[in-house]
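In: Could you work out the structure for the sequence below:
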Amino acid sequence: MSSCPSTPVNKSRRSTVSSPYFAEKIHRNIDPGTSEDDLFLQLGPLKPLLIQERVANDPWKLLVAVTLLNKTTAKVAIPIFWKLLSKWPSPWALSQADAKELADFIHSLGTYSIRSKRLISLSKAYLLDPPSAFDARPSKPTLPSKKYPVEPEDATCPLSIRRRLRYPPTPISHLPGTGSYALDSYRIFCPLHEDPFSAEWKAVNPTDKELILYLRWRWAHLERMEWSPETGETRTARISYLTQLIESLQSFKERSPQG
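Out: Numbers count the residues shown, from 1 in each chain. Modelled structure (predicted):
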């Protein structure tokens, strides 16, 4: 699968950025004798189990899932997602759904009328123009200006333009409802399903806390690196970072309904 461009970051400000993900923390429960290798071994079973990865073989299902998850907890959204697929199992079936019936079906998620119309329009568009890994389309979302400032050579652009820096093109960018959360989810999980060696996930800087946790786990487990979602910077993982990450992963696993 072809790779989308890396989400831009401002290289000139990297030296002044202080990321909480790189901050030193004291963990009272850390065993002074624990080695880095011991901690890396603990990471494997703590992989965050997200619904996006489970349905990464079908981009339509992934987009339906993130539409339901947006501004809704997984505990509430995931059971409804599976029930929805049982009733409308394909893009064609959902494209033919009655908007009111679908809205009633997902009523407990909130914003049900908007979601209902979006799911139907998404399914229709998916049938008419399905995504292709070799056909990246321009993205509609804009990147937060503070998180993704322009490069120094673009500093002469008017501020109004700099604040509307576009998200990189992706194969699903033309579909209705594909905001940054959907695009991030697609770029992290779908390329990996088609090509386990895909490095597309390394170019994604999400703002969703669960996607951030997944990428922190992936960077540490596979690359043995610390990763900052604020800057995209990486560096060799330290014991203090790994310990904090393991605690976060354990906490997520205890409360997560997605696994």
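
In: And for Glu230, the neighbour number?
Out: Using other CB atoms under 10 Å, the number of residues around Glu230 comes to 18. The C-beta positions use only the backbone N, C-alpha and C, and glycine is treated the same way.

In: Could you check this protein and say which of its helices or strands has the lowest average pLDDT?
Out: Comparing every helix and strand of the chain by mean pLDDT, DSSP states H and E singles out helix 159-162 as the least confident one, with a mean of 48.

In: right, and the helix or strand after it?
Out: The first helix or strand that comes after helix 159-162 along the chain, using DSSP states H and E, is helix 180-194.

In: elements contacting that next one?
Out: Helix 180-194 sits against helix 51-54, helix 59-69, helix 209-223, with contacts defined as 3 or more CB pairs under 8 Å, 6 or more residues apart in numbering; DSSP states H and E.

In: Average pLDDT for the shortest one, rounded please.
Out: Put plainly, it is helix 51-54. Computed over helix 51-54, the mean pLDDT rounds to 98.

In: ok, and what's touching that helix?
Out: Contacts made with helix 51-54 from outside it, assessed by CB atoms under 8 Å, 6 or more residues apart in numbering, are listed as 62, 65-66, 69, 74, 78, 81, 185, 188-189, 214, 258.

In: Of these - the most surrounded one?
Out: With neighbours taken as other CB under 10 Å, the top of those is Ser185, carrying 30 neighbours.

In: hang on, isn't that one packed against Asn70?
Out: No: when contacts are counted by CB atoms under 8 Å, Ser185 is not listed as touching Asn70 (10.4 Å).

In: give me the low-pLDDT residue ranges for the stretch 101-250 of the chain?
Out: Screening the stretch 101-250 of the chain residue by residue with the criterion pLDDT under 70, one finds the ranges 143-164.

In: tell me the most buried of the helices and strands packed on helix 180-194?
Out: With neighbours defined as mean count of other CB atoms under 10 Å, these peak in mean count at helix 59-69, which reaches a mean of 23.

In: which strands and helices sit next to that one?
Out: Counting contacts by 3+ CB pairs under 8 Å, 6+ apart, the secondary-structure elements packed against helix 59-69 are helix 51-54, helix 74-87, helix 112-128, helix 180-194.

In: Tabulate the ones you listed in a markdown table, adding columns for distance to Phe134.
Out: Written out in a markdown table, the entries for the helices and strands packed on helix 59-69 read as follows (distance: least, CB to CB, whole Å):
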| stretch | distance to Phe134 |
| --- | --- |
| helix 51-54 | 22 |
| helix 74-87 | 27 |
| helix 112-128 | 17 |
| helix 180-194 | 11 |
